[in-house]
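A.B. asks: for reference, the sequence and a predicted model appear below.
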Amino acid sequence: MPNTYNTVLFLLLGLVIPGLLKVTGWGFLYIYDGEQESAFYWSQFSRDLLSELIVGFCFVLPALYFLTPKMNQWKCLIRPISSFQPNRKIKKKFIPELSAIFILLTALALTLKLDFFWLITGLFSLYFSIRFGFGMALIGNAYIFLIFYLLPPIINNVLIRNLAEQTSTGVFLGSCLLFLFATISGRVISDLKIIRKKLYLQNIELRETNKELDRFVYSVSHDLSAPLKSILGLVNISKLNSNPEDHRLYFNKIENSVVKLDEFIKEVLDYSRNKRLELTVEQFRLKDLCSEILENLNHLEGYQHINVDMSNISLPQIQSDKTRLKIILNNLLTNSIKYQKRAPEHRPYIRISSRKKANAVIIEIEDNGEGMKPEVQEKIFNMFYRGHEKSKGSGLGLYIAKEAAEKLAGTIGVKSEYGIGSTFTVELRDQT
């Protein structure tokens, strides 16, 4: 019952229609067996149906509502509940108020007649729904049911069946209507609270997105203009110099600027693609994907010196969004190649491994490169953060990788030791 529509649907399909079928069937059986006269059929039918509905409001609804998380955990729901759910815990500040109300209700149940007590309990039920929302309205209805049906028999030694027969149809009808109104009102109020909380969280997210967009526009304009200005300056210098050797030097620098500009545009496109594309889950070979990425990176300086080990990829096939995972692994492998340790006798390596852990797929990329200091590790996933003095990139790569991992309901983390190397761990939800 995540919203008002589903609650009303359950009341109709889960309580009213089954109650009608049950009461109708048992009524005809009682007449057929001679246990009930047909003249009293409709009066008994009304009382039985209303009592069935009251039991549903006061017992079935609370039980289902509070067992829903467990039912979802046991996969008993047709549609799994979403990550955002109403809080079913009672706040500590409300405990004294609720205790006083329950004590008062118990005292009234012991002193008032049933013909008047139903009206008082109905008002309290409405108070629960307006003050606390759906969950507390259901608890209130359940408590009222207990003291209405169980307390009098215990005190007066009267069977519950006899008590029900002695209670007028008007009492049942009034109680049923008040419980119905309280239940629906509580659900509507809880829906409004949930919507208000969602709007609050969305406003916070929107403000953060606007700040992020401002930073993005500023940094993109700077990173796009810097190579262009460099190219323009080199073109102007070459016009003033007719030496072919100098021209060759200028062309090499222009080429470097164009390559840098092209890499940055690719990162911006990856950022845009990750933001707007829907998830597309497919099955593919992780080793083939890594080989494809490495083949596209073989032009990077120092690639030929690195030993790439993929022997520990224990999962031959995985099921995920191939495009986003390619973005993640491409960024991680690019960094491992770019920031390899360049020292005599040093043998750089990259080890790619994968394994399954519970309901997750773990992919690790380990290298023995330059590594990172602790203060750098805390910031490397921030947008436009350049964590290395030798960094020539835009600072978007790892930020995009983190965003892509979150889109896949996963995480990305790093363990690094300066001068020793780094290990990036990507944990994704198993889609199989």
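C.D. replies: Cool, the structure landed. Numbering: from 1, shown residues only.
A.B. asks: what residues does stretch 233-243 touch?
C.D. replies: Residues outside stretch 233-243 that contact it (C-beta atoms under 8 Å, 6 or more residues apart in numbering) are 246-247, 250, 253-254, 257. Using the backbone N, CA and C atoms, a C-beta is placed for each residue, glycine as well.
A.B. asks: okay, Ile160: pLDDT?
C.D. replies: Predicted confidence (pLDDT) for Ile160: 47.
A.B. asks: quick one: the helices in the stretch 201-350 of the chain?
C.D. replies: Secondary structure of the stretch 201-350 of the chain (DSSP state H, counting those that start in this stretch): helices located at 244-276, 286-296, 322-338.
A.B. asks: tell me which of those sits nearest to Trp74.
C.D. replies: Trp74 lies closest, by C-beta to C-beta, to one member of the helices of the stretch 201-350 of the chain: helix 322-338, at 30.7 Å.
A.B. asks: off-centre distance for the closest one?
C.D. replies: How far helix 322-338 lies from its chain's middle: 25 Å, per C-alpha atoms, centre = their mean, to the nearest Å.
A.B. asks: ditto for stretch 61-71
C.D. replies: 20 Å.
A.B. asks: start the count at 40 instead of 1 going forward.
C.D. replies: All set: I'll call the first residue 40, so the last point we hit is now stretch 100-110.
A.B. asks: got a list of contacts for that stretch?
C.D. replies: By C-beta under 8 Å, 6+ apart, stretch 100-110 touches 40, 49, 116, 120, 124, 127, 173-174, 177-178, 180-181, 222.
A.B. asks: out of these, which is nearest to Tyr438?
C.D. replies: Minimum distance to Tyr438 across those is 29.9 Å, recorded for Gln124 (C-beta to C-beta).
A.B. asks: let's see the pLDDT reported for that closest one.
C.D. replies: 57.
A.B. asks: equivalent analysis for Thr150, please.
C.D. replies: Looking at Thr150, the pLDDT reads 82.
A.B. asks: for the chain, which element, helix or strand, carries the lowest mean pLDDT?
C.D. replies: Ranking every helix and strand in the chain by mean pLDDT, DSSP states H and E puts helix 199-205 at the bottom, with a mean of 50.
A.B. asks: for the contacts of stretch 272-282, give me a markdown table that also has neighbour count, distance to Glu302 and pLDDT.
C.D. replies: Shown next, in a markdown table, are the contacts of stretch 272-282 (neighbours: other C-beta atoms under 10 Å; distance: C-beta to C-beta, whole Å; pLDDT from 0 to 100):
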| residue | neighbour count | distance to Glu302 | pLDDT |
| --- | --- | --- | --- |
| Asp285 | 13 | 26 | 85 |
| His286 | 14 | 25 | 85 |
| Tyr289 | 18 | 21 | 85 |
| Lys292 | 14 | 16 | 86 |
| Ile293 | 18 | 15 | 88 |
| Ser296 | 19 | 11 | 81 |
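A.B. asks: and the residues you listed as TSV, adding distance to Lys232?
C.D. replies: Output for those, formatted as TSV (distance: C-beta to C-beta, whole Å):
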residue	distance to Lys232
Asp285	71
His286	71
Tyr289	66
Lys292	61
Ile293	60
Ser296	55
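A.B. asks: which one of those residues is nearest Lys250?
C.D. replies: Nearest to Lys250 out of those is Ser296 (C-beta to C-beta; 29.9 Å).
A.B. asks: quick check: that closest one vs Tyr378, distance?
C.D. replies: 21 Å (C-beta to C-beta, to the nearest Å).
A.B. asks: can you check Phe187 too?
C.D. replies: Counting by C-beta to C-beta - Phe187 and Tyr378 are separated by 73 Å.
A.B. asks: give me the pLDDT value at Ile451.
C.D. replies: Looking at Ile451, its pLDDT is 94.
A.B. asks: got the angle for whichever strand or helix holds it vs helix 361-377?
C.D. replies: Ile451 belongs to strand 450-456 when assigned by DSSP states H and E. Interaxial angle, strand 450-456 versus helix 361-377 (axes from the mean of the first three to the mean of the last three C-alpha atoms, to 10 degrees): 10 degrees.
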